[in-house]
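In: Structure, please.
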Amino acid sequence: MDLGKAGWLSSLLEESVAAHVRAPAPVVPSGLSESSSGRARARSYVRRMLRASGLLYGTPADGSVSAEGTSSESAGTGSPEEVLFRAVMRTFARMALDIAILAGSPEGPRREQLLLLFAVLTGQLDEARSVEEKVRQGQEVPKRLWGRVEDALERRALSLSGDPAYGLVLHNGALYADAHMFGRQALDYFSRGGLNHEMARRRIDFAARQKALLVEVLTGLACVDRQPTFSARRAILRQVEDLGLPDELEGELRVAVRQAFERRRSLSTTVKNVSSVDLRRFILEQTLLASLVDGRRTRGERAFIDQLAHELRVPESTVHQLELEVAEFYAKNRSVVDVFTVSSAANLMGEDMVSRMQNTLERNFHRLMQEVRETGELYHLLTKAARGQALTAEERQRMRAQLIDVAKAIPALAIFAAPGGMLLLVALAKVLPFNLLPSAFQDEPASEPVSLEGEVVSSEAGSTERKVG
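Out: Residues are numbered from 1 along each chain as shown. This next block holds a predicted model:
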């Protein structure tokens, strides 16, 4: 499947349907009996799926890709963003197909039914109606309809990359809002045996309002310590535009965001209309994710989160639970985490952020080297890698874990130990005014043995990221 080439969506959905036929049947969610209605089973499944698959965090786990039956080679071609996009699409498709089984939907042209659901996802209700009509008549869906849905999906695929230096971290929240809407739409469609256009429009509007509310809260978080720079303001307003909200809602949101740039808006005013427990949890989880993505959390951000939890009436114990869930997911799925953040940071990271990181590395270099030397196995593995000797997958995993432990031992380097923090070294390698990589870690290793001196620790962290992450 070649993203951007006509027909890629048809191929992806055909692969997904074929893989789903071979996969084990979805199990009845815990707490429900086999006698529960299909709609109840599917509804419970949607809640569990969004969390278990990683869609809540904007990053489907690797298993969601391999479970589709695609080879690692086909699943991993293209840029990291494209790989992530395909993983999201396959996860959406698998979720809908599982829902069809749990809801007791009769057999049908699943590929075309998935096309209809993706048309709704992109707000193309007229196209969805046309696809449904063709399915009812048993006719082939015209290529022009496939092309319109493909184009719409491509336009929204890579438009919300998060940038810790400038813009908001919107990718996670926007994807989750879409996933929740997609799952509920699939549930309604397969339960009814047809598309309810009025309900579909309501779900689209609700997802848009979710995103707008998230933008307001995350803008407040971004402004908590200082007024955003001109570049930051421009980046945030561009992300508002990229959300593809209805014109009236986008206009209102732009006004609210501009006002937040100048003066802090009351959180109680921002979230006063949030009554749903699920929506409260969504807003708080996404704010926690955004506060962690740059590897550090200031006192102001911590106070903002505490106040947000209070206004949303979320107890402190639940906040701690959510933080642990976020950390656990990121620890288990580092290979695809923060793809958008890192690629964006590599190109747009501000000079002030670069300078702070460079100074931190330089000030703590000797202490860092001392920590490495005192970690016997880590020193051995780094030396082995520096000499050009291949490491096994297990050795790379142990080296990565120990590098993180070393970073944790030095408070000033805690940013690299936070979720996604080690990936920042990859971005730094592209923007720092000096080369982090010694000769042993560049494309053409030095012919003579290299001693473990200089910037080898920082470089190996970056090199490890390319091998493992």
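In: Give me the phi and psi for Leu168.
Out: Note on Leu168: backbone dihedrals following degrees, to the nearest 10 are phi -90, psi 160.
In: got the contact list for the residue nearest to it when sequence neighbours are not counted?
Out: In space, and not counting its chain neighbours, Leu168 is closest to Leu218: 4.5 Å by C-beta to C-beta, 6 or more residues apart in numbering. Every C-beta, even on glycine, is put in place using the N, C-alpha and C of the backbone. By C-beta atoms under 8 Å, 6 or more residues apart in numbering, the residues touching Leu218 are 168-170, 173, 286-287, 290.
In: between these, which is nearest Gly108?
Out: Gly173 (32.7 Å; C-beta to C-beta).
In: The closest one touches Phe282, doesn't it?
Out: Yes - using C-beta atoms under 8 Å, Gly173 is in contact with Phe282, at 7.4 Å.
In: next structured bit after the host helix or strand of Gly220?
Out: Using DSSP states H and E, Gly220 sits in helix 197-222. Once helix 197-222 ends, the next helix or strand along the chain (criterion: DSSP H and E) is helix 230-242.
In: tell me which strands and helices that following helix is in contact with?
Out: Counting contacts by 3 or more C-beta pairs under 8 Å, 6 or more residues apart in numbering; DSSP states H and E, helix 230-242 packs against helix 197-222, helix 247-262.
In: swap the cut-off to 6 Å and go again
Out: Here helix 230-242 touches helix 247-262, going by 3 or more C-beta pairs under 6 Å, 6 or more residues apart in numbering; DSSP states H and E.
In: tell me what the helix it packs on is packed against?
Out: By 3+ C-beta pairs under 6 Å, 6+ apart, helix 247-262 packs against helix 197-222, helix 230-242.
In: Pull the residues that contact it.
Out: By C-beta atoms under 6 Å, 6 or more residues apart in numbering, the residues outside helix 247-262 that reach it are 208, 212, 215-216, 219, 223, 228, 233, 240.
In: about what we covered before: which ones among the contacts of Leu218 are found in helices?
Out: 173, 286-287, 290 (DSSP state H).
In: Could you identify the pair within those residues that is furthest apart?
Out: Gly173 and Thr287, at 8.9 Å, using C-beta to C-beta across those.
In: So for those two, which residue has more residues nearby?
Out: Per other C-beta atoms under 10 Å, whichever of Gly173 and Thr287 has more neighbours is Gly173, with 29 against 24.
In: Could you check how many residues crowd around the closest residue to the more buried one other than its chain neighbours?
Out: The shortest distance from Gly173 to any non-neighbouring residue, by C-beta to C-beta, 6+ apart, is to Gln286 (4.0 Å). Gln286: 27 surrounding residues under other C-beta under 10 Å.
In: Begin at 780 from now on, thanks
Out: All right, first residue 780 from here; so that's Gln1065.
In: From Glu1104, how far off is Gln1065?
Out: 13 Å (C-beta to C-beta, to the nearest Å).
In: hmm, back to that, tell me the one of the contacts of Leu997 nearest Ala821?
Out: The closest of these, once distances to Ala821 are taken by C-beta to C-beta, is Gly952, at 23.8 Å.
In: wait, that closest one sits on Glu1064?
Out: No - counting by C-beta atoms under 6 Å, Gly952 does not reach Glu1064; the two are 8.5 Å apart.
In: Now tabulate the contacts of Leu997 in a markdown table and tack on distance to Ala1039.
Out: Output for the contacts of Leu997, formatted as a markdown table (distance: C-beta to C-beta, whole Å):
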| residue | distance to Ala1039 |
| --- | --- |
| Leu947 | 11 |
| Val948 | 16 |
| Leu949 | 15 |
| Gly952 | 17 |
| Gln1065 | 17 |
| Thr1066 | 14 |
| Ala1069 | 15 |
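In: Select, from these, the two members most distant in space.
Out: Maximum distance among the contacts of Leu997 (C-beta to C-beta): 11.8 Å, for Leu949 and Thr1066.
In: and Arg1043, which of the three is it?
Out: coil (DSSP: H, G, I helix; E, B strand; the rest coil).
In: Which phi and psi values does it adopt?
Out: Dihedral angles (degrees, to the nearest 10) for Arg1043: phi -70, psi 130.
In: Kindly provide the distance from it to Asp877.
Out: Counting by C-beta to C-beta - Arg1043 and Asp877 are separated by 44 Å.
In: So for the two, which sits in the more crowded spot?
Out: Asp877 (21 against 13).
In: Now do the contacts for the more buried one.
Out: Here Asp877 is in contact with Pro805 (criterion: C-beta under 6 Å, 6+ apart).
In: if we go to 10 Å?
Out: Residues near Asp877 by C-beta atoms under 10 Å, 6 or more residues apart in numbering: 799, 802, 804-806, 821, 824-825, 828, 962, 965.
In: just Val1056 next, same as before
Out: Val1056 sits in contact with 1091-1093, where contact means C-beta under 10 Å, 6+ apart.
In: rerun that using 6 Å as the cut-off
Out: By C-beta under 6 Å, 6+ apart, Val1056 has no neighbours at all.
In: Over to Gly883?
Out: Per C-beta under 6 Å, 6+ apart, neighbours of Gly883: Gly817.
In: Contact partners for the residue nearest to Gly952?
Out: Counted by C-beta under 6 Å, 6+ apart, Gln1065 has contacts 951-952, 993.
In: And for Glu793?
Out: Arg890.
In: In which helix or strand does it reside?
Out: Residue-wise, Glu793 maps onto helix 787-801 under DSSP H and E.
In: Not counting its neighbours along the chain, what's nearest Leu1046?
Out: Closest to Leu1046 by C-beta to C-beta, 6+ apart is Glu1090, at 5.0 Å.
In: contacting residues around the one you found?
Out: 1046-1047, 1050.
In: ok, so of the residues you listed, who is nearest Val920?
Out: Val1050 (42.1 Å).
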